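A.B. asks: Here is the input, now give the coordinates:
(one chain, ligands or ions: 1)
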Amino acid sequence: MKPDKIYQGEITRFDAKGRGVFDLTLPNQEVRPMAVPFAFPGDTIETQYTGRKLGVYAGRLNKIITPSSERVAPPMPGLEQYPGAPWLCLNYSAQLIYKRDMINQAFEQAGHAERINAVESGSKLSYYRNRMDYSYGWRGELGLRQFGFWHKYFNVTHDILLSAEATPILEVCRDLLPRFNVVPWDHQRNCGDLRYVVIREGKFTGERLIALIVKDLTKINADTRDYLKTALDPYATSLILGENSLLTDSSYAQKLETLKGREYLTENINGLNYQIHLNSFFQTNSLMAGRLQQTVADLAGMINRLLDLYCGLGFFGIYLAKQNPELKVFGFEIDAPAIELAKQNALMNNVGAQCSFTAGPAEDLTWQNIETDLVIIDPPRAGLHPRVIATLLDKQPATLIYVSCNYHRLVQELKEFKKAYKITALQALDLFPHTPHVETVVRLDRQT
Ligand SMILES: C[S@@+](CC[C@H](N)C(=O)[O-])C[C@H]1O[C@@H](n2cnc3c(N)ncnc32)[C@H](O)[C@@H]1O
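C.D. replies: As a prediction, the model looks like this:
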């Protein structure tokens, strides 16, 4: 197949990445799936072939010939292919049904009998994120990577996921390029000055941390700093210059220089305050994060000792400790600065004496001799290290609650856990409207 060749087809399903798929008949009569981002089941589309990966052909959406009945208009023209919201033009009730069906299909294909009835709806559908990382593109764009490409950028001139203020903040940061002697980072040649703009917001505290991530702090002159301080002052409670001098493409700042306010911001979830460092993980949907905490607490029931693996800033452990003054929490997390903040968060919420937080990789098993009646497991998308699974199966605490942002991985790992546990609850919450992502929560009880 030649690159850029044009094909037409009717989308019949989504793939695991949430791309619309139709069956393409090749000249040799072989039938192959063609995956097209931003296309939905029921659409008849024209697509331009872009490449092939693991036997799946991929294309760019060129034209919608006949729209699906579930297709809706974007909030404004030009956002039809917004990278952070690939399902933006799909009716929201339909999104929830597709998510439910995709989770259930993954459970079925992995041989599990359990199913979810419905995905709990997100409580806010725009401006629901509390963190966005906008990348400088080599042509001077400032925005998001185009879906499926690491070197093509969607210039965000109208933000829809974070807040109305994100758009003027990005304008200020984009304006650094013509005003000062700085150039955007070039991901193909690995050179340049400006890499990312990270904005974190406390939706319930009104705080906003803005960070400009650069290659080398010494290359940013006093005029640039002064301009940032003045132009972003109305928007930022904290303003930070961060340095990532590595070639690794990441917004993680190894060095920080605070231009205004503090190095972290505070968010309040369910009445508890959490200090959040620029680099640390925090649930990105503050409103639904509260629902996630309550869901986990309801599933946990009355317990005495909790092991909180992959605990981040103490998100679940501190909430559960607050609910039950008798509870002892043992949290483990790889990110050492996050652990320091988790300790402070526990003190700030008056549960310091109930909580112990330790830094280190879960796979080092430093937690293995702690006896608990419940283990919360909330790993990153890559899932659990096999040693973590093996150790939990060996120790067999009475109950596990697995919180997963990757149900494809979850269904595989559940096969292992079922050697000793049975699923007693399965729920899903939409923390990521307008994307195919969803948070799944599973309670597992030891088989007697
Ligand atoms: C999905 S987040 C959950 C964090 C926390 N439970 C929360 O809800 O805010 C996953 C966390 O796992 C941490 N992590 C990643 N790899 C890890 C590892 N090998 N061992 C322990 N923690 C790890 C990340 O730093 C991140 O804080």
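A.B. asks: can you give me the mean pLDDT across stretch 185-200?
C.D. replies: Averaging pLDDT along stretch 185-200 gives 94.
A.B. asks: Alpha carbons of that stretch, as CSV, please.
C.D. replies: Extracted as CSV, the C-alpha positions of stretch 185-200 are listed here (Å, rounded to 0.1, in the frame of the first residue of the first chain):
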residue,chain,number,x,y,z
TRP,A,185,12.5,22.4,21.2
ASP,A,186,13.0,20.3,18.0
HIS,A,187,12.2,16.6,18.8
GLN,A,188,13.9,15.3,15.7
ARG,A,189,17.2,17.1,16.2
ASN,A,190,17.0,17.2,20.0
CYS,A,191,17.9,20.8,20.4
GLY,A,192,16.2,24.1,21.3
ASP,A,193,15.3,26.1,24.4
LEU,A,194,11.5,25.9,25.3
ARG,A,195,10.1,22.4,25.8
TYR,A,196,6.8,22.4,27.7
VAL,A,197,4.2,24.6,29.5
VAL,A,198,2.7,22.7,32.4
ILE,A,199,-0.4,24.1,34.0
ARG,A,200,-1.9,22.6,37.2
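A.B. asks: Helices of the stretch 201-350 of the chain, residue ranges please.
C.D. replies: 222-232, 286-300, 315-323, 336-348 (DSSP state H, counting those that start in this stretch).
A.B. asks: For the third one, which helices and strands make contact with it?
C.D. replies: Helices and strands touching helix 315-323, by 3 or more Cβ pairs under 8 Å, 6 or more residues apart in numbering; DSSP states H and E, are strand 272-277, helix 286-300, strand 305-309, strand 328-333, helix 336-348, strand 355-359. Quick note: C-beta positions are derived from backbone N, CA and C, even for glycine.
A.B. asks: let's go with 6 Å and repeat that
C.D. replies: When contacts are defined as 3 or more Cβ pairs under 6 Å, 6 or more residues apart in numbering; DSSP states H and E, helix 315-323 sits against helix 286-300, strand 305-309, strand 328-333.
A.B. asks: In JSON lines, list those along with mean pLDDT and distance to the ligand.
C.D. replies: Below are the helices and strands packed on helix 315-323 laid out as JSON lines (pLDDT from 0 to 100; distance: least, Cβ to the nearest ligand atom, whole Å):
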{"stretch": "helix 286-300", "mean pLDDT": "98", "distance to the ligand": "8"}
{"stretch": "strand 305-309", "mean pLDDT": "98", "distance to the ligand": "7"}
{"stretch": "strand 328-333", "mean pLDDT": "98", "distance to the ligand": "5"}
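A.B. asks: Let me have these in JSON lines, extended by mean neighbour count.
C.D. replies: As requested, the helices and strands packed on helix 315-323 are exported to JSON lines (neighbours: other Cβ atoms under 10 Å):
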{"stretch": "helix 286-300", "mean neighbour count": "19"}
{"stretch": "strand 305-309", "mean neighbour count": "24"}
{"stretch": "strand 328-333", "mean neighbour count": "24"}
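A.B. asks: I'd like the ones you listed as CSV, with distance to residue 166 appended.
C.D. replies: Putting the helices and strands packed on helix 315-323 into CSV (distance: least, Cβ to Cβ, whole Å) gives the following:
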stretch, distance to residue 166
helix 286-300, 15
strand 305-309, 32
strand 328-333, 28
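A.B. asks: that older thread, among the helices of the stretch 201-350 of the chain, which is nearest residue 258?
C.D. replies: For residue 258, the closest of the helices of the stretch 201-350 of the chain is helix 222-232, at 10.9 Å, according to Cβ to Cβ.
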